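**Q** Have a look; sequence and predicted model below, questions after that.
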Amino acid sequence: MAGRIEDYALIGDMQTAALVCRDGTVDWLCLPRFDSHAIFAGLLGTEEHGFWRLGPAHAADVKPPVAARRSYRGDSLILESEWDTPRGTVRVTDFMPPRDGAPQLIRIVEGVTGRVPMRSALRMRFSYGRVVPWVHKHEGRTVAVAGPDSVWFDTEAETYGKALTTYADFTVSPGERIVFTISWQPSHKEPPPLPEPETSLEATEDFWREWVEHCTYHGPYREAVVRSLITLKALTYAPTGGIVAAPTTSLPEDIGGVRNWDYRYTWLRDAAITLSSLLRTGYREEARAWREWLLRAVAGDPENLQIMYGIAGERELGEAELDWLPGYENSAPVRVGNGAAHQLQLDVYGEVTEALHLGHMTGLARNDYASLLQLKLIRYLEDHWQEPDEGIWEVRGPRRHFVHSKVMAWVAVDRTIKLIESGDADGPLERWRELRDDIHRDVCEKGYDKERNTFTQSYGSQELDASLLLIPQMGFLPPDDKRVIGTIEAIQRELSTPDGFILRYPTEGQDAGVDGLPGDEGAFLACSFWMADDLAMIGRVDEARKLFEKLLGLRNDLGLLAEEWDPRLKRQVGNFPQAFSHVPLIDTALRLTASGAYGG
């Protein structure tokens, strides 16, 4: 059985990523890209679906021991786990070097004290655990082949096969180092070069140290901010600049339920807000790369803007169910692809335009096509902003006039007017000023409940929605507006969990709710950070700081967050780690630091 979601560590090479559990098991790895088929899919099934465990030897009928300590080496993605055993202490260092060739996962076992018996158990299963590869020796190396894929396993330890698994049993003494590596290669090509683990380890450490040095944030929450920035960098597909929402699929929002989605794609919304955080902390190169990715993905067809694309800009992300996988803790179905790709979500026009605007304001080199794209997006919105859509939360129920979508349409027009006013673009300024006023008036008349003094989820609805917390952050209304304060207080009353975290919107248990799905979900972490932001904006800074630091306490021991927090089970749920959780963490830390609202 897979570990709890928060029991996992992330390692990656900015093209794919692996999840390593506390007991030294790699339960998830897709090769060669984030969105490729998994060769270790035990996270969504059982050991029969692929895993790689490396740790102290243990009896077959005993659970593998968990590491007594683990941490990242400094500000890096190099994971160090240590076990204390009756025979001594051992350390395992796991990492994936940033690549210019074959992707590699390197695991270095090092004796610390005593003589510790160890075991490596490697069970590769291609195509998400469905295909057993042909495993054989080739010039002293172990290779697993299935169709177009091959994985090469290299170690100086003696190996043997048993029950379709490759084992190595060995003992490690103080100072002794035993290395294990897997490398992926297309099966029709020559074998990948032999690994150089020590050189790769040094280069990986140098890469992350040099990257973190560019961070311009030096406030009191630096540790949390830097770890979140590293996580966002790890979720960036280096060859194209696309940013995945998370490196996993189908980790459930509701344990045992059906709210299981594939997040290994580039949502324009998630990528745009990620870009915003990177720009605010000094990372212009990532922002430039994402802008180039956007221009390629959208190409000459902004009228058919999708809410998400593949990491290289692919448009077709057809959704399918993998019925041979039982799902994480029996949360089925397991899905790959995402059927929401072709939904109408008007808010993405605002998020993309806001990201382009921020890049312009922070000195990102001018790109004439980016400005042209922005103008085309507004021309589309002129004709379509009054339509209902599926909204920010990708509801699978009927379309509605979501207030957040209209607010973000206003943002798109407002930021484009500012671009024209700066002299960097030409457009019908007066006409779009009138459009901006029309959208603003429409929202305030149709999306606001005067009796309750709150904006609502959609026109004519009584429901609340945490996305309304973005109204002051986007500048739609000032923070001291009574309607803003009323909305914040209403969300606190009606969408807070008993421990003070924020739900996205009401769900209806086993009945289909506003999102068209049965079941409930946990507190959405991004929304909880938005609440802390808003509280700071309206002057309740002590309350904001307490909520923020409470949220920091939900991170796992390595500083990582999934999408949601289940207040009943007191555990993280949803895909992991989640960009949409780490981005608002950074933003709220910046706001609290600027306001001086922090402890110590």
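**A** Here it is on my side, so go on.

**Q** got the residue ranges for the helices in this structure?
**A** Per DSSP state H, the chain carries helices over the ranges 126-129, 197-212, 222-234, 268-280, 284-298, 347-361, 368-384, 403-421, 429-446, 470-473, 482-494, 525-537, 541-552, 579-595.

**Q** Mean neighbour count, mean pLDDT and distance to residue 242 added to those, as JSON lines?
**A** For the C-beta atoms, the positions are set from N, CA and C on the backbone; glycine is no exception. Shown next, in JSON lines, are the helices of the chain (neighbours: other Cβ atoms under 10 Å; pLDDT from 0 to 100; distance: least, Cβ to Cβ, whole Å):
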{"stretch": "helix 126-129", "mean neighbour count": "23", "mean pLDDT": "97", "distance to residue 242": "22"}
{"stretch": "helix 197-212", "mean neighbour count": "16", "mean pLDDT": "97", "distance to residue 242": "18"}
{"stretch": "helix 222-234", "mean neighbour count": "21", "mean pLDDT": "97", "distance to residue 242": "13"}
{"stretch": "helix 268-280", "mean neighbour count": "24", "mean pLDDT": "88", "distance to residue 242": "7"}
{"stretch": "helix 284-298", "mean neighbour count": "20", "mean pLDDT": "88", "distance to residue 242": "5"}
{"stretch": "helix 347-361", "mean neighbour count": "23", "mean pLDDT": "89", "distance to residue 242": "14"}
{"stretch": "helix 368-384", "mean neighbour count": "17", "mean pLDDT": "90", "distance to residue 242": "16"}
{"stretch": "helix 403-421", "mean neighbour count": "24", "mean pLDDT": "96", "distance to residue 242": "21"}
{"stretch": "helix 429-446", "mean neighbour count": "15", "mean pLDDT": "98", "distance to residue 242": "30"}
{"stretch": "helix 470-473", "mean neighbour count": "21", "mean pLDDT": "97", "distance to residue 242": "24"}
{"stretch": "helix 482-494", "mean neighbour count": "18", "mean pLDDT": "97", "distance to residue 242": "32"}
{"stretch": "helix 525-537", "mean neighbour count": "26", "mean pLDDT": "97", "distance to residue 242": "20"}
{"stretch": "helix 541-552", "mean neighbour count": "19", "mean pLDDT": "97", "distance to residue 242": "27"}
{"stretch": "helix 579-595", "mean neighbour count": "23", "mean pLDDT": "95", "distance to residue 242": "12"}
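
**Q** For residue 323, which of these is the nearest?
**A** helix 126-129 (10.9 Å; Cβ to Cβ).

**Q** Output the closest one as CSV - backbone C-alpha positions only.
**A** C-alpha atoms of helix 126-129 as CSV (Å, rounded to 0.1, in the frame of the first residue of the first chain):
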residue,chain,number,x,y,z
PHE,A,126,5.7,-0.1,-18.2
SER,A,127,2.5,1.6,-19.3
TYR,A,128,1.2,2.5,-15.8
GLY,A,129,1.9,-0.9,-14.4
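
**Q** okay, the helices of the chain in CSV with distance to residue 92 next?
**A** Formatted as CSV, the helices of the chain follow (distance: least, Cβ to Cβ, whole Å):
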stretch, distance to residue 92
helix 126-129, 24
helix 197-212, 13
helix 222-234, 19
helix 268-280, 31
helix 284-298, 30
helix 347-361, 39
helix 368-384, 45
helix 403-421, 45
helix 429-446, 54
helix 470-473, 42
helix 482-494, 44
helix 525-537, 30
helix 541-552, 27
helix 579-595, 26
